[in-house]
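Chemist: Sequence and computational prediction follow.
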Amino acid sequence: MIRKPIILLTGGAGYIGSHTYVALTEAQFQPLILDDFSNSNPVVLDRLERITGQAVPCHRGSVLNTELVAELLKVHAIEAVVHFAGFKAVGESVAQPLKYFDNNLGGMISLLKAMENAACHTLVFSSSATVYGDPATVPITEDFPRSHTNPYGHTKLVCEDMIAAVCQANAAWRAGVLRYFNPVGAHPSGLIGEDPNGPPNNLMPYVSQVAVGKRPFLHVFGNDYPTPDGTGVRDYIHVQDLAQAHVAALQALLLGDNGFTVNIGTGQGYSVLDVVSAFEQASGKPVPYQLAPRRPGDVARCYADPALARHLLSWSANHTLLSMCEDTWRWQSNNPEGYRLLE
Ligand code: WQD
C-alpha cells in the first residue's frame, strides 16, 4: 500500500481550502486541515465528509501557534504545506491594518519557523493578483511590477518576499506562489461554497445573494471606466480550476521542481454587467442593480496572462463564466443562509 503524501492545509476549512481539500483527496493525497475557525465554519467538515466519503482529519488551532504547527508537521510527517490561512477583506484591512499585519504576516512568519524547525521545506502559498496594484496594461504577466494599494495587498506582497528570502537562504526550500485572480463558483455538489460573513465585499457572492432574494439589488460601482461597457473587468476563475492548480503545484514541487511564482487566472476578462447577465441566465432569477460611484482603490481592468502556469504546471482553467454562475447558484439556492442556520 503506497502511503499517500500528507499535506497540511492551513485555513483548510475556508472557501479555497475546502475545495482544494476535495481535489487533493481525489488526487491521492491525504490532506490534514489546521483551522481556528475564526473565518470559517466547522460545518464544512461534515460537508467534506459527505463529498469525499471519508473522515476529515482536522486540527482546531491557529497557524500563529508555532509550537503546535511544528508538532503537527513532525507527528504526521507532513510532506508539504498549503498556506491559505489569512484575512482577505480589502476594506477591513484599510480600517484595521494592524489586525492584518499581525495575522497575515505573523502567521506567515510562524509557519515558516515551524516548517524550518520540522525540516518540512515544501510550501504552496495563496497569493493574489492584488500584488500587481493598478497594472499599466493587461493581460498581466508575472514579471509585472508589484505594488500595494491596501494593507491586505501589502501583506501578500511581503509574504511573497519572506518566502523568497527563506528560499534564498536555504536551498532545501521549494515554494510555489500562486497569484489568484478572482476566485468564484462552488463544488458541483452544492455542498460547499463561498460563505462570507456579513454583506459580501466581492461581486459574485453579492450577485448570488440578490438572486436568492437576500439582498434587494446590486450596487454597480462605476460605469465610467475605460472598458467595453464602462464597468470593471476582472479575471473570474472557477474555484474548481483553482483547486486543481494547487494539485498541479504540489505535484511539481514534490517531483523536485525548485519553485515558481505563477498567475492563476483564465486570461479572459469579464465586466460586472457580463457577470450579472450570466448569473441571470444561470439562475433564471433577475439580478436588479443600481449604478453607484466608483469604489476607492478599484482598477478598471485586471486579468491574467496564464501562459507560465500552463508551461510550468501543465495547468489551465477550463470552466466557463456560465458554469461559475451555475455552480454558485446551486450552492446559494441550497444554502440560502450559507453554513450558518442549516446545521
Ligand atoms: C470585482 C468587480 C468591483 C462588488 C478583490 C481583492 C482580491 C481578491 C478578490 C481576496 C469590481 C465590482 C464588486 C459590488 C460591484 N480578494 N463590484 N459591486 O476587487 O477585483 O478583488 O477580491 O483574495 O485580492 O482585491 O473583486 O469581487 O470585490 O470586485 O460593482 O457589490 O465588481 O467594482 O469591478 P476585486 P470584487
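Modeler: Noted; the coordinates are in hand. Treat the numbers as computed from the prediction; the structure is a model and nothing was measured.
Chemist: what about residue 233, neighbour count?
Modeler: Using other Cβ atoms under 10 Å, residue 233 is surrounded by 21 other residues. Any C-beta I mention is one placed from the backbone N, CA and C, and that applies to glycine too.
Chemist: Just grab the bridge partners of it for me.
Modeler: Beta-bridge partners recorded for residue 233 (DSSP bridges): residue 271, residue 301.
Chemist: The stretch 51-200 of the chain against the ligand: which residues are in contact?
Modeler: 88, 90, 128, 130, 182 (Cβ under 6 Å from any ligand atom).
Chemist: Take the residues you listed and keep only those in helices.
Modeler: Secondary structure assignment (DSSP state H) places residue 90 from those within helices.
Chemist: Strands - which of the residues of the stretch 51-200 of the chain next to the ligand land there?
Modeler: The subset of those located in strands under the criterion DSSP state E comprises 128, 182.
Chemist: Out of the residues of the stretch 51-200 of the chain next to the ligand, which comes closest to residue 142?
Modeler: Proximity of those to residue 142 (Cβ to Cβ) peaks at residue 128, which lies at 13.0 Å.
Chemist: In contact with that closest one, which residues are there?
Modeler: Shown in contact with residue 128 (Cβ atoms under 8 Å, 6 or more residues apart in numbering): 88, 153, 156, 179, 180.
Chemist: Ramachandran coordinates for the residue of the stretch 201-343 of the chain found nearest the ligand?
Modeler: The stretch 201-343 of the chain approaches the ligand most closely through residue 232 (2.1 Å), counting by Cβ to the nearest ligand atom. Residue 232 adopts backbone torsions of phi -60, psi 140, taken as degrees, to the nearest 10.
Chemist: follow-up on the earlier one: switch the residues of the stretch 51-200 of the chain next to the ligand over to TSV; also include pLDDT.
Modeler: Compiled in TSV, those are given as follows (pLDDT from 0 to 100):
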residue	pLDDT
88	94
90	92
128	98
130	96
182	98
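Chemist: Name the member of the residues of the stretch 51-200 of the chain next to the ligand with the most neighbours.
Modeler: Within those, most neighbours by other Cβ under 10 Å means residue 130, with 25 neighbours.
Chemist: which parts of stretch 279-288 are buried?
Modeler: 279, 280, 282, 283, 285, 287 (16 or more other Cβ atoms under 10 Å).
Chemist: whoops, stretch 247-262 was the one
Modeler: Residues of stretch 247-262 classed as buried: 247, 248, 249, 250, 251, 252, 253, 259, 260, 261, 262 (neighbour count, 16+ other Cβ under 10 Å).
Chemist: From what I see, the second one and residue 315 are in contact.
Modeler: Put plainly, it is residue 248. Yes. Using Cβ atoms under 8 Å as the test, residue 248 is close enough to residue 315 to be in contact (4.2 Å).
Chemist: And the contacts of residue 128, which two are furthest apart?
Modeler: Distances among the contacts of residue 128 were taken as Cβ to Cβ; the most separated pair is 88 and 179, at 13.6 Å.
Chemist: check contacts around residue 213.
Modeler: If you count contacts by Cβ under 8 Å, 6+ apart, residue 213 has them with residue 336.
Chemist: Also residue 176?
Modeler: Taking Cβ under 8 Å, 6+ apart as the criterion, residue 176 is in contact with 123, 124, 125, 249, 250, 252, 253, 257, 259, 260, 261, 262.
Chemist: likewise residue 160?
Modeler: Taking Cβ under 8 Å, 6+ apart as the criterion, residue 160 is in contact with 125, 127, 131, 146, 177, 261.
Chemist: so what's the fourth one scoring on pLDDT?
Modeler: For residue 146, the pLDDT comes out at 98.
Chemist: what's the answer for residue 293, then?
Modeler: For residue 293, the model assigns a pLDDT of 97.
Chemist: next one: the one 10 residues further on
Modeler: Model confidence at residue 303, given as pLDDT, is 98.
Chemist: For the closest residue to the ligand within the stretch 51-200 of the chain, which non-adjacent residue is spatially closest?
Modeler: For the stretch 51-200 of the chain, the residue closest to the ligand is residue 130, as judged by Cβ to the nearest ligand atom, at 3.7 Å. Beyond its immediate neighbours in the sequence, the residue positioned closest to residue 130 (Cβ to Cβ, 6 or more residues apart in numbering) is residue 153, lying 3.8 Å away.
Chemist: re the thing from before, adding distance to residue 217 as columns, could you present the residues of the stretch 51-200 of the chain next to the ligand in JSON lines?
Modeler: Putting those into JSON lines (distance: Cβ to Cβ, whole Å) gives the following:
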{"residue": "88", "distance to residue 217": "25"}
{"residue": "90", "distance to residue 217": "22"}
{"residue": "128", "distance to residue 217": "28"}
{"residue": "130", "distance to residue 217": "27"}
{"residue": "182", "distance to residue 217": "21"}
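Chemist: doesn't residue 280 make contact with residue 326?
Modeler: No. The pair residue 326 and residue 280 does not pass the contact test of Cβ under 8 Å, sitting 11.8 Å apart.
Chemist: So for residue 297, what's the pLDDT?
Modeler: At residue 297 the predicted local distance difference test score is 89.
Chemist: And the strands in the stretch 1-150 of the chain?
Modeler: Along the stretch 1-150 of the chain, the segments classed as strands by DSSP state E, counting those that start in this stretch run 6-10, 30-35, 58-60, 80-83, 122-128.
Chemist: go on, the stretch 201-343 of the chain?
Modeler: Using DSSP E, counting those that start in this stretch, the strands assigned to the stretch 201-343 of the chain run over residues 218-221, 233-234, 236-238, 259-264, 270-271, 289-292, 301-302.
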